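> Predicted coordinates and the sequence they were generated for:
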Amino acid sequence: MFRPPIKKPPFKLKVKKSKAGLGLFAEEKIPKGRIIIEYFGDLINRDEADKRGGKYLFDISDRFAIDGTTRKNTARYINHSCRPNCETDVVKSRIFVYAKRNIKEGEELCYDYGKSYFNEFIKPYGCRCNKCSIKQK
């Protein structure tokens, strides 16, 4: 079942090139604690999620996930970081991205994808977040 976002994001955001490919950037300042965007897509059960696979599955419980593959889901461009400026919260099977701290205009939005995603999709290739990029130099 496809579930569109509740409403248009309250802040100006832009998809641009980042260290990890494409990323989502703030086009204006975003205050700490504010909802930035909703991660949305098909609400699917665990069996369907296992069949589909892919990098845009976001687990919301032991039984369900959101498949955010659709390009209309701008939140899918938010990259992983080991030192994130955003965090996610699941409210009634909807995923909201919040500002973990004040975010500056032009800053890339990022959150921690979690240990299992990190180990499966990021660790084998090396983390490209700002924290890890600086550490590798």
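Perfect, I can see it now.
> Could you point out which residue ranges in this protein have low pLDDT?
The chain contains residues with pLDDT under 70 at 133-137.
> mind listing the strands for it?
Using DSSP state E, the strands of the chain run over 2-3, 13-18, 21-26, 35-39, 41-45, 57-59, 64-67, 79-80, 86-91, 94-99, 110-111.
> Format the ones you listed as TSV; extra columns: distance to Phe118 and mean neighbour count.
C-beta: built from backbone N, CA, C; applies to glycine. As requested, these are exported to TSV (distance: least, Cβ to Cβ, whole Å; neighbours: other Cβ atoms under 10 Å):
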stretch	distance to Phe118	mean neighbour count
strand 2-3	26	12
strand 13-18	17	14
strand 21-26	16	17
strand 35-39	17	21
strand 41-45	21	17
strand 57-59	14	19
strand 64-67	17	22
strand 79-80	7	20
strand 86-91	14	15
strand 94-99	18	19
strand 110-111	12	22
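> Out of those, flag the one nearest Asn73.
In terms of Cβ to Cβ, the element of those nearest to Asn73 is strand 41-45, at 5.3 Å.
> How far off centre is the closest one?
In terms of Cα atoms, centre = their mean, to the nearest Å, the centre of strand 41-45 is found 16 Å from the chain centre.
> what does stretch 9-16 give?
13 Å.
> Can you give me the first-to-last residue distance of it?
From its first residue to its last, stretch 9-16 covers 17 Å (Cα to Cα, to the nearest Å).
> Name the surrounding residues that touch that stretch.
Residues outside stretch 9-16 that contact it (Cβ atoms under 8 Å, 6 or more residues apart in numbering) are 22-28, 30, 34-38, 74, 77, 109.
> switch to 6 Å and redo it
22, 24-25, 27-28, 30, 36-37, 77 (Cβ atoms under 6 Å, 6 or more residues apart in numbering).
> List the residues that contact Ser81.
110, 129.
> Make TSV out of the strands of the chain and add distance to Pro124.
Below are the strands of the chain laid out as TSV (distance: least, Cβ to Cβ, whole Å):
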stretch	distance to Pro124
strand 2-3	31
strand 13-18	20
strand 21-26	16
strand 35-39	24
strand 41-45	25
strand 57-59	18
strand 64-67	22
strand 79-80	13
strand 86-91	23
strand 94-99	25
strand 110-111	19
